[in-house]
Structures are given as structure tokens and as C-alpha cells.
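Asker: Let me see the structure of the following:
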Amino acid sequence: MMYRFFVFTLLTLAGGFVGFAQSQEVAYEVCEMEKEFIAIFLSDPNQQRTSPKFDATLHRIAREKAREMAQRRYFNHTSPDGIGPNHLLREAGYGLPNHYGKALDANNVESLLVGASSAPETYEGWMQSPAGHRKHILGEIDFWRKQTRFGIGYYYDLRSPYMHYWVFISAPPATLPSH
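Answerer: The predicted model follows:
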């Protein structure tokens, strides 16, 4: 039986986390593949973010997005229902700056990769991506450098087209949702 809620485990990796930002009390346990990715991400000397912090809400959204892509058999920033990453964050109560896209399919926060069976392969895939994923992951431009909170989601499904699904989400520290 799948449990809806998991206990969030604070992690200690060789390089150590710079810190945790937890904007929601319930989160998924970080799996070994995600831990390995986080260690690579935080130890990369090319990382331009000065103090990236793991965020439990962004992790949960990333993991759920990876699972949804596998189960619904798609690979896209926008779901078959037309919902994009910015909307997912806002719906989860994670406040984004007002200048971030508000269209249902807007994306200012997400990078995707499928088919990579390890964290190093995933990281390298994003570093070699011609679509600008490297700039996003490393914060190579000011817009992404200000996104100091991050989450990584990994999901494996043997029956899905790509089997391995990775979602990286970064965002600035959450703002209070505007009404």
C-alpha cells in the first residue's frame, strides 16, 4: 500500500547541504538517486548560485511531475491537461514573483530529462543540452542565479516509454501568494 505522506529525512552528504528551506511540513523522502544528484549539483565548481537550498515543496512537486510523466506517458513541460510548472508551484502554495509567467502553461522554473539511468548521466545530459538547461541548472544567468531554492524529482517505471524520469525545479525563496 502506498502511503500518501512520508517522513522527510534531513540529509548529510559528503559535501553537505548548504541548508534546507522547508515551505511545507510534509514531503517525500529523498531517494538515493536524488541524493546523488543533489551531491553533484552542490559540489559543481561551476555552480553560480551562492547558497542553493533544498526545498521540500519543490522536491515534492518535482517528484510528482516525474511520476505523472511516467504514468501518463508524456515528456513535456506542459501536462496533457495544459498545466505548466509555474501553475503547479502556485497551486501548491509556493509563491512566485509577479513577473513570472501566469499563463497556465508558463515555465520559468523547470528542466526535464528522460532515459538517464543515473544521477551523473542526468547531470551530464543537462550540462550538454543545447536547450539552455545548463544555464538553468548552474544559474549561469542572473534570472536563474536568483533561484536559490531547488528540488529534484526522480521516478522509475519499467512500463513507461523512457523508464527514467528526472525533473529539476528551482525558484526564488517563496513569496506570499497574492490574492
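Asker: Which parts of this protein are helices?
Answerer: Secondary structure of the chain (DSSP state H): helices located at 32-43, 56-72, 85-91, 119-128, 133-138, 142-145.
Asker: Give me the number of neighbouring residues for the residue lying closest to E110 once chain neighbours are set aside.
Answerer: Spatial nearest neighbour of E110, excluding adjacent residues (C-beta to C-beta, 6 or more residues apart in numbering): P85 at 3.9 Å. C-betas here are computed from N, CA, C, even on glycine. By other C-beta atoms under 10 Å, 27 other residues sit near P85.
Asker: Name the nearest residue to R145, ignoring sequence neighbours.
Answerer: The nearest residue in space to R145 (C-beta to C-beta, 6+ apart) is G139, at 3.9 Å.
Asker: check contacts around that neighbour.
Answerer: By C-beta atoms under 8 Å, 6 or more residues apart in numbering, the contact list for G139 reads Q47, Q48, R49, P52, R145, Q147, S170.
Asker: Among those residues, which one lies nearest to N108?
Answerer: The shortest approach to N108 among the contacts of G139 belongs to Q147, at 8.4 Å (C-beta to C-beta).
Asker: Make sure that closest one is actually in contact with R49.
Answerer: Yes - using C-beta atoms under 8 Å, Q147 is in contact with R49, at 7.4 Å.
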